[in-house]
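Visitor: sequence and computational prediction follow.
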Amino acid sequence: MADHQLISTAVHDRLPENYVRPETQRPRLDEVVPDADIPVVDLANSDRAAVVAQIGQACRTHGFFQVLNHGVPVELMLAMLGVAYEFFQLPAEEKAKLYSDDPAKKIRLSTSFNVRKETVHNWRDYLRLHCHPLHKYVPEWPANPPSFREIVSRYCKEVRELGFRLYGAISESLGLEQEYMKKVLGEQEQHMAVNFYPKCPSPELTYGLPAHTDPNALTILLMDQQVAGLQVLKEGRWIAVNPRPNALVINIGDQLQALSNGRYKSVWHRAVVNSDRPRMSVASFLCPCNDVVLGPAAKLISEESPAVYRDYTYAEYYSKFWSRNLDQEHCLELFRT
Ligand SMILES: O=C(O)CCC(=O)C(=O)O
């Protein structure tokens, strides 16, 4: 792994050359909108129609929203973040055993995004886990810290349930039957990226993750409660997502943009780093199985609103996504009718 070592195993006084973005691709942190924020939806609101309308609106305008009172216990969220920090503090030899840069590996500790393809790296280490069905994958997960498997399993179950509840509301908000997405997307896979962004000596020259959209259907993001870093593109400007106590961040992935026939947006987002504090985020991705055929819902296609995307399998989409650089054009553009 020579020049692709994990960045969390060493202290860095200066940013290595191969992390420095060319001038035109830098994050321009002083131009980020600090306080615009993304919509917030309280899922405990007993007025379901209002919740559905708010979610629909957020999916159209931002592709992102935060949820409060989402049912995932707060202690479990904190335990998940805590065990994630402990994991990245393990000795280098322990972490090296899990290292791989092969995107096809279902359990791997890696760095940056796709070190085999990219020329400039990103200031991120990440643990990638397949999570469903749990009994199949948990035995392959890290056994250290000792509470890792138990805490992460519990978190995965809760998040999956939340995802399915959100599918119901998102389907309804499009005028589809409540079960539509769950049915069409099939028995879904669930993947997790535990992202660790160490303190960075030159945050203005690099990214934790450069601008990208998510190739899956729905993402549920647990953010460090203290350190901001997620930014979302809105009308050509980057807006900072400020962590709200106990909230989870939800975003529409490419598959829901396709399914909604382009009404809902899988929006560009990025993670920036900072020089004072490390940051952690835990992204849970709900994704269709490989052989599921995806495309715009029939009910959303009409003469005035023809299909924007062709049908394809998730396997086709996913392999296209990983064969590109993260910040190239929106991958869905390659699937237009
Ligand atoms: O760290 C974050 O806030 C964003 C993470 C993310 O976008 C991802 O894992 O795809």
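Guide: Yes, it's here. On a predicted model such as this, the values are computed, not experimentally measured, just so you know.

Visitor: which stretches of the chain form strands?
Guide: Counting by DSSP state E, one finds strands in the chain at the ranges 40-42, 64-68, 107-111, 125-130, 189-197, 209-212, 218-223, 230-234, 237-240, 248-252, 269-271, 279-287, 293-294, 312-313.

Visitor: enumerate every residue touching the residue of the stretch 1-150 of the chain found nearest the ligand.
Guide: Distances between the stretch 1-150 of the chain and the ligand by CB to the nearest ligand atom are smallest at Tyr126, namely 7.3 Å. No exception for glycine: its C-beta is placed from N, CA and C like everyone else's. Contacts here follow CB atoms under 8 Å, 6 or more residues apart in numbering; on that basis Tyr126 touches Leu109, Ser110, Thr111, Ala193, Val194, Asn195, Phe196.

Visitor: pLDDT score assigned to the spatially closest residue to Asn246 that is not a sequence neighbour?
Guide: Once flanking residues are discounted, Asn246 sits nearest to Val74: 5.0 Å by CB to CB, 6 or more residues apart in numbering. Predicted confidence (pLDDT) for Val74: 98.

Visitor: sorry, back to before: for the ligand, tell me which of the contacts of Tyr126 show up nearby.
Guide: Ala193, Asn195 (CB under 6 Å from any ligand atom).

Visitor: closest to Ile55 among the contacts of Tyr126?
Guide: Lowest distance from Ile55 to these (CB to CB) belongs to Ala193, with 23.6 Å.

Visitor: tell me the contacts of the closest one?
Guide: Tyr126, Leu127, Arg128, Val282, Ala283, Phe285.

Visitor: next one: Ser281
Guide: Counting by CB under 8 Å, 6+ apart, Ser281 touches Asn195, Tyr197, Leu221, Leu222, Met223, Asp224, Gly229, Leu230, Ala271.

Visitor: burial measure for the second one, as a count.
Guide: This points to Tyr197. 29 (other CB atoms under 10 Å).

Visitor: what does the first one give?
Guide: Here the count is done by other CB under 10 Å, and Asn195 has 24 residues near it.

Visitor: and what of the fifth one?
Guide: The criterion is other CB under 10 Å. On that basis, Met223 has 26 neighbouring residues.
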